[in-house]
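Visitor: any chance you can model this:
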Amino acid sequence: MKEVHLKVEISKHSGFCFGVKRAVDMALEEAQKSNSNVYTLGPIIHNSFVVDDLKSKGVFVVKNVADAKGGVLVIRSHGVGRDIYSQAEQMGIRLVDATCPFVKKIHALVDEYSKNGYSVIIVGKKDHPEVMGINGWVNGGSVVVYDTAEVDVALQSIHDQKVCVVAQTTIDANRFDEITAIIKQKVSDVKVFNTICLATSQRQTAAVELAGRVDAMVVIGDKTSSNTKRLYELCKKRCNNTYAVQSAADVIDIFRDTNTIGIVAGASTPDWVVKEVIGKMTEEQIIAETVAEDATMADFEKSMVKLRNGQYVKGVVISVSDDNVYVNLGYKADGIIPKSEFKLQDGQKLHDVISVGDEVEVEVVQVNDGDGNVTLSRKPVLERAAWAEVINVKEADEIVTVKVTEVVKGGVLAVFGAFRVFIPASHLAINFVKKPETHVGKEIKVKFIDVDVSAKKIVASRKVVLLEERQKKEDKFWEAHKVGDIIKGKVKNITQFGAFVDLGMMMV
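Guide: Numbers count the residues shown, from 1 in each chain. Okay, the predicted model is just below:
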């Protein structure tokens with residue numbers, strides 16, 4: 001058979017998003033440890049293969065809360081309205097809340113703003129379960145808009161002019177921007193929150209970029225998945241030969257006249273489905289024998305998050321306990337930030353300073369602590385950011401306020417944030433300071449004159465600031481006067497060569 005040299009490229013952001021993976025993992029974990037039946041209120045994600053796999057492992061789908069009596073009910077990643085929690089509590093049904101943390105944040109936003117008199121507009125599809133769940137947290141109900149043509153009608157139903165706008169996490173950014181731009185023009189008091197999931201925008205951007213430079217594009221995902229449908233629509237605009245497949249069974253010999261194939265998977269598509277599709281393409285010799293299956297699988301594995309000790313990564317907080325903060329990193333295991341990493345005031349708890357859904361940047365301390373956990377630290381990241389601020393202050397020649405704490409040899413020490421700053425005695429004032437201890441406890445304005453990150457040293461000067469202030473006063477004085485003007489002043493000192501006169505703004 002004639003060998004066809006094809007290049008297959010997988011989009012950088014493919015497969016399960018962290019919210020979906022978290023929900024599936026929570027359902028499986030509950031099925032393994034629970035003695036009761038485990039149910040999900042509706043399909044936990046929009047993928048029939050995953051739902052069937054969960055069913056084989058003891059996780060069943062129900063349509064109503066009452067159908068889960070006697071068992072454990074898992075709230076899917078899309079989230080639900082407030083009433084579902086009340087129903088479950090009244091019926092004595094234990095809930096496992098697998099709502100995506102990003103969606104949880106939207107619930108909190110619409111709850112808060114609707115309580116404060118804002119009408120809520122949700123940009124999304126009204127029949128999408130996530131949107132219905134968001135609406136369930138709005139006090140008084142919301143208006144759902146999916147198209148720019150719907151904005152005027154939506155605003156007519158809102159009697160006041162205070163509007164809070166949020167987005168379904170899986171819609172595309174352009175649609176959201178177009179709709180909110182119109183709302184801003186027509187509403188005087190509007191609070192816009194772009195709640196589109198970062199993973200969604202990254203996935204769509206990467207897919208469109210890839211579709212623009214390949215001969216054919218394959219979008220893998222369930223036909224009921226909203227984000228997969230949107231990926232197909234976006235890719236189709238850039239690449240006419242775009243095909244939607246749910247599984248390996250849908251792969252047919254349609255790529256023989258192509259040289260490059262791009263692949264992207266929706267947020268509800270598990271890794272194994274993607275691998276099966278690639279494997280099927282190889283079997284059908286759509287991918288040439290020279291593009292080995294192992295190499296293709298390796299490309300896919302490369303797209304998954306890998307961690308190493310000392311690496312700086314970003315993640316999303318998925319849980320906060322009394323002693324730890326748990327972070328999803330897109331890795332096979334979640335990361336743990338110990339309580340000791342936080343500076344808590346008396347009486348403060350971890351959930352007072354960090355919340356589920358917050359994005360954090362951390363350093364990987366240990367990929368495997370012996371129990372399969374990833375140990376994380378905030379301190380190096382915070383220190384790096386703090387030093388960056390110090391460097392910016394120095395480079396911008398900014399004036400900052402520091403507090404003098406003690407007298408040391410050659411000058412005084414002051415504090416700026418978490419840093420100690422040395423101010424030489426010769427830089428405390430314009431003239432020599434006989435008693436530097438008089439400055440202890442005072443806040444003074446300084447400029448940084450030397451910053452050495454490697455030595456963790458900051459040297460500052462108050463003298464530079466005072467000289468600049470004096471120069472500004474002198475410049476202002478001379479701008480306001482000319483030769484021949486008569487000015488009143490007070491003689492401060494007389495010497496052999498002349499007299500010093502205080503003119504108020506300056507000494508001559």
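
Visitor: quick one: mean pLDDT over whichever strand or helix holds residue 478.
Guide: Assigned by DSSP states H and E, residue 478 belongs to helix 463-480. In this model, helix 463-480 carries a mean pLDDT of 85.

Visitor: residue ranges for the strands of the stretch 151-300 of the chain, please.
Guide: Ranges of strands within the stretch 151-300 of the chain are 162-167, 189-192, 216-220, 242-245, 260-265, based on DSSP state E, counting those that start in this stretch.

Visitor: pick the most deeply packed of those.
Guide: Neighbour counts (mean count of other CB atoms under 10 Å) averaged over each of these peak at strand 216-220, with a mean of 27. Placement of C-beta: from N, CA and C, glycine included.

Visitor: between that strand and strand 260-265, how many degrees?
Guide: 20 degrees (axes from the mean of the first three to the mean of the last three CA atoms, to 10 degrees).

Visitor: quick one on the thing from earlier: could you export the strands of the stretch 151-300 of the chain as JSON lines, including distance to residue 44 and mean pLDDT?
Guide: Shown next, in JSON lines, are the strands of the stretch 151-300 of the chain (distance: least, CB to CB, whole Å; pLDDT from 0 to 100):
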{"stretch": "strand 162-167", "distance to residue 44": "22", "mean pLDDT": "93"}
{"stretch": "strand 189-192", "distance to residue 44": "31", "mean pLDDT": "90"}
{"stretch": "strand 216-220", "distance to residue 44": "19", "mean pLDDT": "92"}
{"stretch": "strand 242-245", "distance to residue 44": "22", "mean pLDDT": "90"}
{"stretch": "strand 260-265", "distance to residue 44": "17", "mean pLDDT": "88"}
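
Visitor: now render those as CSV, adding distance to residue 177.
Guide: Below are the strands of the stretch 151-300 of the chain laid out as CSV (distance: least, CB to CB, whole Å):
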stretch, distance to residue 177
strand 162-167, 10
strand 189-192, 10
strand 216-220, 23
strand 242-245, 24
strand 260-265, 22
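
Visitor: of those, which is nearest residue 322?
Guide: Nearest to residue 322, of all those, is strand 162-167, at 30.9 Å by CB to CB.

Visitor: about what we covered before: buried residues in the helix holding residue 478, which are they?
Guide: Along helix 463-480, these residues count as buried under the neighbour rule (16 or more other CB atoms under 10 Å): 463-466.

Visitor: now those as TSV including distance to residue 111?
Guide: TSV is the format used below for the buried residues of helix 463-480 (distance: CB to CB, whole Å):
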residue	distance to residue 111
463	54
464	51
465	48
466	52
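
Visitor: tell me the buried residues in the host helix or strand of residue 405?
Guide: Assigned by DSSP H and E, residue 405 belongs to strand 400-408. Neighbour-count burial for strand 400-408, counted by 16+ other CB under 10 Å, picks out 400, 402, 404, 407.

Visitor: quick check: the two most widely separated of the residues you listed?
Guide: 400 and 407 (20.7 Å).

Visitor: ok, and what's touching the strand holding residue 405?
Guide: With contact meaning CB atoms under 8 Å, 6 or more residues apart in numbering, strand 400-408 is reached by 393, 412-416, 420-423, 436-437, 439-448, 460.

Visitor: leaving out chain neighbours, which residue sits closest to residue 132?
Guide: Spatial nearest neighbour of residue 132, excluding adjacent residues (CB to CB, 6 or more residues apart in numbering): residue 81 at 7.0 Å.

Visitor: which neighbouring elements make contact with the helix holding residue 478?
Guide: strand 443-452 (3 or more CB pairs under 8 Å, 6 or more residues apart in numbering; DSSP states H and E).

Visitor: at the geometric centre of the chain, which residue do we find?
Guide: residue 359 (4.2 Å; CA atoms, centre = their mean).

Visitor: ok, it - contacts?
Guide: Counting by CB under 8 Å, 6+ apart, the residues that residue 359 touches are 198, 314-317.

Visitor: quickly list what it is bridged to.
Guide: Residue 359 has these beta-bridge partners by DSSP bridges: residue 316.

Visitor: which residues does the closest residue in space to residue 218 that isn't next to it in sequence bridge with?
Guide: Nearest non-adjacent residue to residue 218, counting by CB to CB, 6+ apart: residue 263, 4.9 Å away. Using DSSP bridges, the beta-bridge partners of residue 263 come out as residue 10, residue 218.

Visitor: in the stretch 1-150 of the chain, where is pLDDT below threshold?
Guide: Applying pLDDT under 70 to the stretch 1-150 of the chain picks out residues 1-6.

Visitor: where exactly do the helices run in it?
Guide: 18-33, 48-56, 82-91, 101-115, 129-135 (DSSP state H, counting those that start in this stretch).

Visitor: same check, this time on the stretch 301-450 of the chain
Guide: Under the criterion DSSP H, counting those that start in this stretch, the stretch 301-450 of the chain contains helices at 350-353, 379-395.

Visitor: for residue 246, see how far away residue 345 is.
Guide: Applying CB to CB, to the nearest Å, the value for residue 345 to residue 246 is 53 Å.

Visitor: now do residue 53
Guide: The value you get for residue 53 to residue 246, if CB to CB is used, is 14 Å.

Visitor: who's more crowded, those two?
Guide: Higher neighbour count among residue 53 and residue 246: residue 246, with 20 against 15, using other CB atoms under 10 Å.

Visitor: tell me the pLDDT of residue 429.
Guide: For residue 429, the predicted pLDDT is 91.

Visitor: domain-wise, how is this structure divided?
Guide: Domain ranges of the chain: 7-15+199-302, 18-100, 102-196, 313-339+353-376, 378-508, per automatic domain parsing.

Visitor: per-residue confidence at residue 318?
Guide: Value for residue 318, per-residue pLDDT: 75.

Visitor: what's the residue nearest to residue 9 when sequence neighbours are not counted in contact with, if anything?
Guide: Leaving out its chain neighbours, the residue that sits closest to residue 9 by CB to CB, 6+ apart is residue 262, at 5.4 Å. Residue 262 sits next to 8-11, 207, 210-211, 213-214, 216-218, 235, 239 when contact means CB under 8 Å, 6+ apart.

Visitor: try 6 Å this time
Guide: Residues near residue 262 by CB atoms under 6 Å, 6 or more residues apart in numbering: 9, 210-211, 214, 217.

Visitor: likewise for residue 210?
Guide: 11, 262.

Visitor: that one and residue 79, how far apart?
Guide: Taking CB to CB, one finds residue 210 at 30 Å from residue 79.

Visitor: in CSV, list the buried residues of strand 400-408 along with distance to residue 182 and pLDDT.
Guide: Output for the buried residues of strand 400-408, formatted as CSV (distance: CB to CB, whole Å; pLDDT from 0 to 100):
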residue, distance to residue 182, pLDDT
400, 43, 91
402, 48, 92
404, 54, 93
407, 62, 92
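
Visitor: as a markdown table, the residues you listed with distance to residue 228 would be great.
Guide: Shown next, in a markdown table, are the buried residues of strand 400-408 (distance: CB to CB, whole Å):
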| residue | distance to residue 228 |
| --- | --- |
| 400 | 51 |
| 402 | 55 |
| 404 | 61 |
| 407 | 67 |
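
Visitor: for residue 157, see how far away the nearest residue to residue 184 once chain neighbours are set aside is.
Guide: With sequence-adjacent residues excluded and distances taken as CB to CB, 6+ apart, residue 184 is closest to residue 190, at 5.7 Å. Taking CB to CB as the measure, residue 190 falls 15 Å from residue 157.

Visitor: what's the answer for residue 426, then?
Guide: Distance of residue 426 to residue 157, computed by CB to CB: 70 Å.

Visitor: over to residue 114?
Guide: Taking CB to CB, one finds residue 114 at 15 Å from residue 157.
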